[in-house]
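# With the sequence up front, the predicted model follows.
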Amino acid sequence: MAIAIALIVLALGSVLFHFLSPWYFTPIASNWGAIDTTITITFWVTGVVFVAVSLFMAWSVIRYRHREGGRAAYQPESKRLEWWLLVLTAAGVAAMLAPGLLVWAEVIKVPNDAQVVEAVAQQWHWSYRLPGKDGKLGTVHSRFVTDQNPFGMNPADPNGRDDVLLASPELRLPLGKPVKLLLRSKDVLHNFSVAQLRVKMDLVPGLVTYSWFTPTRTGSFDLLCEELCGVGHFAMRGRLVVEEPAVHQAWLDRQPTFAQASTRLAGDAAAGKAAYATCAACHGANGGEGNVALNAPKLSGQGAWYLQRQLHLFKQGARGTHEKDVYGKLMAPMAATLVDEGAVANVAAYIASLPDTRVATTIKGDADSGRRRYATCAACHGADGGGIAATNAPRLKGMSDWYMATQLKNFRDGVRGHHAQDIYGGQMALIAGMLGDDAAVGDVLAHINGLPARNGEPR
């Protein structure tokens, strides 16, 4: 009897939990209401079967429970029962599959007026490519991929000259216009998923998959990779922003094209030398001294692309605004003295031209324990700590360990990486969360300090 009661409670409790639970579909923000309908039908079919089977088992337990002197009747087969099971099962399966097939026919039939947008995935980052005024995307190939050409754009294809390349994980789209997503992976299997849009499609290396949707309301929606793609999978997040068409067009007009980015002059180190005088007061005349008291790290030896990004973050207010980021607040007005992108590029070029110098290590810890923890960091920053531009991860080996200790704690404690525009900082905050205490931070840095120097680095 207890088993029968448990089965009845399980069936009724599951039904009540389904209808009363606060966890349900996110409000839809696209044209794919049909996907919700197919899921609802599946819930009803499987729910009815689950309740019916549970109650039947409870009835059977009660009806055929052991009785003194009772005997079971042997019935090897029942064609009538088998026909009923066959018909009901077929009807249930058809009720679940048929709507899905109809929706899938819509999923693969993209409207002719859909705007084409390419989403490119790599461990652990999203980037996007939009067509220019010609409405066509240029061709790409893996052999063209470099740090300077991360999309692999074909420089000989005129259709790609006006393509808009977005290295940010944030994609903006206009409201009410259908969008065809071309999905491409540069390394491993990923998945493009936006719950509110009901969009979910794998990105397969060597293939270009696709999906489409029409945004039906403005807002900002989380973009997730829902395919395990490595140790940093949980930090692979992006954002999809839907805005009014006029606002979107104004934003799009401000984005540089591939041709403009290709012809953009590199920073002028000679011009950057004068601007660096302000920086030298804290970071040192040669960029390799640093200043512990001002939390100003060594700069020489760091990549120019990373220095430019950090300066832009301070200029835009994405860094140095948190009330507890005392040293960041000092850096923000310094970055503001660089009036435009050219000035930022010039200073970064000058710093990159400075000779790399060796700095003393100050952090002690268990390097062996740090080695195990660093396996996650190595996926982005490299096993040798040299940094990888493709994963937007700076050099760690040979840099100021006391500065890295401060920033790891800031990321871990929410002082850094909290700003909506600081996408990479948000990723670092998630990664730094694995360092539960200051001892763990010291262990990781002790391992980094012990990494062998690469060619050209001071020993």
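Cool, got the structure.
# Please enumerate the strands of the chain.
In the chain, strands defined by DSSP state E lie at 115-122, 125-130, 164-166, 170-174, 179-185, 190-194, 199-203, 209-213, 219-225, 237-243, listed in chain order.
# For those, give me a markdown table that also has mean neighbour count and distance to Ala343.
For every residue, glycine as well, the C-beta is placed using N, CA and C. Output for the strands of the chain, formatted as a markdown table (neighbours: other C-beta atoms under 10 Å; distance: least, C-beta to C-beta, whole Å):
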| stretch | mean neighbour count | distance to Ala343 |
| --- | --- | --- |
| strand 115-122 | 21 | 30 |
| strand 125-130 | 23 | 26 |
| strand 164-166 | 20 | 23 |
| strand 170-174 | 20 | 25 |
| strand 179-185 | 21 | 35 |
| strand 190-194 | 23 | 37 |
| strand 199-203 | 20 | 38 |
| strand 209-213 | 20 | 41 |
| strand 219-225 | 18 | 31 |
| strand 237-243 | 20 | 29 |
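# any weak-confidence spans in the stretch 351-459 of the chain?
By pLDDT under 70, the low-scoring segments of the stretch 351-459 of the chain are 454-459.
# quick one: the helices in it?
Listed in chain order, the helices of the stretch 351-459 of the chain (DSSP state H, counting those that start in this stretch) span 367-381, 401-413, 423-432, 438-449.
# Next, the angle from the second one to helix 423-432.
Counting by axes from the mean of the first three to the mean of the last three C-alpha atoms, to 10 degrees, helix 401-413 lies at 90 degrees to helix 423-432.
# in helix 401-413, what counts as buried?
Neighbour counts over helix 401-413 (16 or more other C-beta atoms under 10 Å) mark Asp401, Trp402, Tyr403, Met404, Ala405, Thr406, Gln407, Leu408, Lys409, Asn410, Phe411, Arg412 as buried.
# what number of residues lie near the closest residue to the last one other than its chain neighbours?
This means Arg412. In this structure, Arg412 finds its nearest non-sequential neighbour in Ala432, 4.1 Å apart by C-beta to C-beta, 6 or more residues apart in numbering. Other residues near Ala432 number 22, with proximity taken as other C-beta atoms under 10 Å.
# The strands of the chain: which one's closest to Glu289?
strand 125-130 (32.7 Å; C-beta to C-beta).
# Let's see that closest one as PDB, backbone CA atoms only.
Taking Å, rounded to 0.1, in the frame of the first residue of the first chain, the C-alpha atoms of strand 125-130 are listed here in PDB:
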ATOM      1  CA  HIS A 125      34.700  34.100 -27.400                       C
ATOM      2  CA  TRP A 126      32.100  35.300 -29.900                       C
ATOM      3  CA  SER A 127      32.700  37.700 -32.700                       C
ATOM      4  CA  TYR A 128      30.500  38.700 -35.700                       C
ATOM      5  CA  ARG A 129      30.600  39.900 -39.300                       C
ATOM      6  CA  LEU A 130      27.900  42.000 -41.000                       C
END
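# So Val49 sits against Ala95, correct?
No: in this structure Val49 lies outside contact range of Ala95 using C-beta atoms under 8 Å: 10.6 Å.
# Who are the contact partners of the residue nearest to Arg412?
Residues near Ala432 by C-beta atoms under 8 Å, 6 or more residues apart in numbering: Leu408, Lys409, Phe411, Arg412, Gly417.
# I'd like to know how far it sits from Phe411.
4 Å (C-beta to C-beta, to the nearest Å).
# Would you point out the helix or strand in the protein whose mean pLDDT is lowest?
helix 258-263 (a mean of 79; mean pLDDT, DSSP states H and E).
# Give me the below-cutoff pLDDT ranges for this protein.
For the chain (pLDDT under 70), the answer is 263-266, 454-459.
# returning to what we had before: nearest to Leu171, of the helices of the stretch 351-459 of the chain?
Nearest of those (C-beta to C-beta): helix 423-432, 11.6 Å.
# can you give me the angle that closest one makes with helix 438-449?
110 degrees.
# okay, helix 423-432 in PDB with CA atoms only?
C-alpha atoms of helix 423-432 as PDB (Å, rounded to 0.1, in the frame of the first residue of the first chain):
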ATOM      1  CA  ILE A 423      33.000  41.600 -21.500                       C
ATOM      2  CA  TYR A 424      36.400  40.000 -21.000                       C
ATOM      3  CA  GLY A 425      36.500  41.300 -17.500                       C
ATOM      4  CA  GLY A 426      33.200  39.400 -16.900                       C
ATOM      5  CA  GLN A 427      34.900  36.300 -18.200                       C
ATOM      6  CA  MET A 428      37.900  36.800 -15.900                       C
ATOM      7  CA  ALA A 429      35.500  37.300 -12.900                       C
ATOM      8  CA  LEU A 430      34.100  33.800 -13.600                       C
ATOM      9  CA  ILE A 431      37.500  32.200 -13.900                       C
ATOM     10  CA  ALA A 432      38.900  34.000 -10.800                       C
END
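# Run the chain-centre distance for it.
Using C-alpha atoms, centre = their mean, to the nearest Å, the mean C-alpha position of helix 423-432 is found 10 Å from that of the whole chain.
# Stretch 94-107 now?
From the chain centre to the centre of stretch 94-107 is a distance of 30 Å (C-alpha atoms, centre = their mean).
# buried sites along it?
For stretch 94-107, a neighbour-count test (16+ other C-beta under 10 Å) marks Met96, Pro99, Gly100, Val103, Val107 as buried.
# what does stretch 78-90 give?
Per 16+ other C-beta under 10 Å, stretch 78-90 contains no buried residues.
# Which parts of the protein belong to which domain?
With automatic domain parsing as the criterion, the domains of the chain are listed as 2-57+83-107, 115-263, 266-357, 359-459.
# Save those domains as JSON lines, and put in distance to Ala73 too.
Formatted as JSON lines, those follow (distance: least, C-beta to C-beta, whole Å):
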{"stretch": "domain 2-57+83-107", "distance to Ala73": "18"}
{"stretch": "domain 115-263", "distance to Ala73": "51"}
{"stretch": "domain 266-357", "distance to Ala73": "76"}
{"stretch": "domain 359-459", "distance to Ala73": "62"}
